[in-house]
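S.K.: Pasted the sequence and its predicted model underneath.
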Amino acid sequence: MEIIYKKDNSYSKDDVRELFLSVNWLSGKYPERLKKALDNCETVITAWDGNKLAGLINAIDDGELTAYVHYLCVNPEYQGAGIGKELLKQIKEKYKDYLYIILIAENEGLVGYYKKNGFEHMDGRYVLMVQNK
């Protein structure tokens with residue numbers, strides 16, 4: 001297995017649907033909207049095993065101070081192979097001159113993973129959202 005990393009939007013709506021549904025993320029059920037959302041992000045880095053999208057990370061930034069990592073997604077078939085670690089490394093490199101790179105762990109189990117990859121838990125911060133259906 002040779003993983004190739006790309007910094008373009010060569011993924012299709014079918015590629016992102018398959019990847020996001022592989023980890024049971026709701027956004028995978030809306031492939032057209034998901035592709036459009038990703039295409040509008042400042043940064044998308046993908047990991048490919050041949051023609052198969054194995055992983056993806058994206059960030060939204062303000063151009064100067066803060067970058068927000070929205071998705072880090074690796075197909076379970078490829079988890080444990082260092083793809084997520086490499087995607088995080090590339091994001092941290094791109095935004096190394098920003099004051100903050102912020103991400104939200106989907107569950108408590110991921111906090112340790114992100115800490116191992118250089119992120120710190122921010123006590124006293126709370127995540128709030130409105131979910132429109």
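M.R.: Yep, it's here. Numbers count the residues shown, from 1 in each chain.
S.K.: Which positions within the least confident helix or strand in the chain by mean pLDDT qualify as buried?
M.R.: None of the helices or strands of the chain scores lower by mean pLDDT, DSSP states H and E than helix 108-116, at a mean of 80. For helix 108-116, burial by neighbour count (16 or more other CB atoms under 10 Å) applies to residue 114. The way it works is simple: take the backbone N, C-alpha and C, and place the C-beta from them, glycine included.
S.K.: just stretch 73-90 next, same as before
M.R.: Residues of stretch 73-90 classed as buried: 73-75, 78, 81, 83-84, 86-90 (neighbour count, 16+ other CB under 10 Å).
S.K.: In strands, which of those residues fall?
M.R.: Among those, DSSP state E puts 73-74 in strands.
S.K.: Please identify which two of the buried residues of stretch 73-90 are farthest apart in space.
M.R.: Spanning the widest gap among these are 75 and 89, at 18.6 Å by CB to CB.
S.K.: Report the spatially closest residue to residue 90, excluding sequence-adjacent ones.
M.R.: In space, and not counting its chain neighbours, residue 90 is closest to residue 45: 5.2 Å by CB to CB, 6 or more residues apart in numbering.
S.K.: wait, I meant residue 66
M.R.: Nearest residue to residue 66 in three dimensions, chain neighbours excluded: residue 100, at 4.6 Å (CB to CB, 6+ apart).
S.K.: got the contact list for that neighbour?
M.R.: If you count contacts by CB atoms under 8 Å, 6 or more residues apart in numbering, residue 100 has them with 65-67.
S.K.: Nearest to residue 13 among those residues?
M.R.: Nearest to residue 13 among the contacts of residue 100: residue 67, at 24.9 Å, using CB to CB.
S.K.: which SS class is the closest one?
M.R.: Secondary structure assignment for residue 67 (DSSP: H, G, I helix; E, B strand; the rest coil): strand.
S.K.: so how many other residues sit close to it?
M.R.: When neighbours are counted by other CB atoms under 10 Å, residue 67 registers 23.
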